[in-house]
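Asker: A structural model of the following input is requested.
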Amino acid sequence: MIRIKKIGITTYIMIAVILSYNTFAGGDMYTEKRKDMVESQIKRRGIADERVLEAMNKVERHLFIDEKLWNSAYNDYPLPIGYGQTISQPYIVAYMTEKAGINADSRVLEIGTGSGYQAAVLAEIAKEVYTIEIVEPLAEHAKRIVKRLGLTNIKVKFGDGYKGWLEYAPFDAIVITAAPPEMPLELINQLKVGGRMVVPVGTGFQELYRITRTEEGYNKGFFCRSGLCQWCGGRLRIKVEGLRIKGNRKTGDVG
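Answerer: Numbering: from 1, shown residues only. As a prediction, this is how the structure comes out:
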């Protein structure tokens, strides 16, 4: 009887230690890293939308990458996720999310799911997020992460993002992180009137636009002009205050 009690106490202590470690490794330590990321990388560079800042502070970027890279999860650069793709620099995720102008009632289409991180950030703000990935293993992996994290307002699809998702159109906003050679009219047609699309356009050097759907067609607004946005080895590079966006020509900035 005494032996059973000793085993019970020992087991209890071991469980407490493990739980304490897990809380630190997956909780407090990364919570502090996210706070620092938001303050030093995002707010400092001009992101002011409180909804975006709150989403960036909440979504656990380290859960979207290989565990071996967790210590680098909140650093100021992209990280590999396999298949020649990367998870985007945190500032760029925040930047494009803010430019999309979404709110709690928004239905958003994302082109280029990648790790699922950008979709998760969008989902913290928007009502519904629909995201398309052309690399099938990445699409399947993103589905698993979305399910594991209980992100019930995200739908992930494997396919060609430039065809959009007519079944769920029209959308309040579309975020595209791969650069088409010209304005993607098929996707613009899936916007609601008044809806917004954030998209880099062109080959070689690109320009980053926000497109607003109108009754007559659409209006274009520049964020980043030719010479600042370019493909570099098949990856999109957008310099904003000395920063860079990286993405894949086909699948997009794999947020």
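Asker: what comes up buried for stretch 157-173?
Answerer: Neighbour-count burial for stretch 157-173 flags 157-158, 161, 164-165, 169-173 (criterion: 16 or more other CB atoms under 10 Å). From N, CA and C alone the C-beta is placed, and that goes for glycine too.
Asker: which SSE is Tyr209 in?
Answerer: strand 205-213 (DSSP states H and E).
Asker: in terms of secondary structure, what does that strand contact?
Answerer: Contact analysis of strand 205-213 by 3 or more CB pairs under 8 Å, 6 or more residues apart in numbering; DSSP states H and E lists strand 191-201, strand 218-232, strand 235-238 as its packing neighbours.
Asker: ok, 10 Å please
Answerer: Applying 3 or more CB pairs under 10 Å, 6 or more residues apart in numbering; DSSP states H and E, we find strand 205-213 packed against helix 90-100, strand 171-176, helix 185-188, strand 191-201, strand 218-232, strand 235-238.
Asker: picking up where we left off before, save the buried residues of stretch 157-173 as TSV, and put in pLDDT and distance to Asn189 too.
Answerer: Formatted as TSV, the buried residues of stretch 157-173 follow (pLDDT from 0 to 100; distance: CB to CB, whole Å):
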residue	pLDDT	distance to Asn189
Lys157	97	18
Phe158	97	22
Gly161	92	14
Gly164	96	8
Trp165	97	12
Ala169	98	8
Pro170	98	8
Phe171	98	11
Asp172	98	14
Ala173	98	15
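Asker: max pairwise distance over those residues: which two?
Answerer: Farthest-apart pair in these is Phe158 and Asp172; separation 23.5 Å (CB to CB).
Asker: the strand holding Tyr209 pairs with which strands, and in what direction?
Answerer: In the sheet, strand 205-213 lines up against strand 191-201 (antiparallel), strand 218-232 (antiparallel) (DSSP bridges).
Asker: tilt between it and strand 171-176?
Answerer: 180 degrees (axes from the mean of the first three to the mean of the last three CA atoms, to 10 degrees).
Asker: surely Val146 meets Ile154?
Answerer: Yes - the pair Val146 / Ile154 is scored as a contact, 4.9 Å apart, by CB atoms under 10 Å.
Asker: give me the common contacts of those two.
Answerer: 113, 116, 119-120, 123, 129, 131 (CB atoms under 10 Å, 6 or more residues apart in numbering).
Asker: of those residues, which belong to strands?
Answerer: 129, 131 (DSSP state E).
Asker: show me the two of the shared contacts of Val146 and Ile154 that sit farthest apart.
Answerer: Thr113 and Ala123 (11.9 Å).
Asker: higher neighbour count, the two?
Answerer: Thr113 (33 against 23; other CB atoms under 10 Å).
Asker: give the contact list for that one.
Answerer: 119, 129-135, 138-139, 141-143, 145-146, 154, 156-158, 161, 177, 251-252, 254-255.
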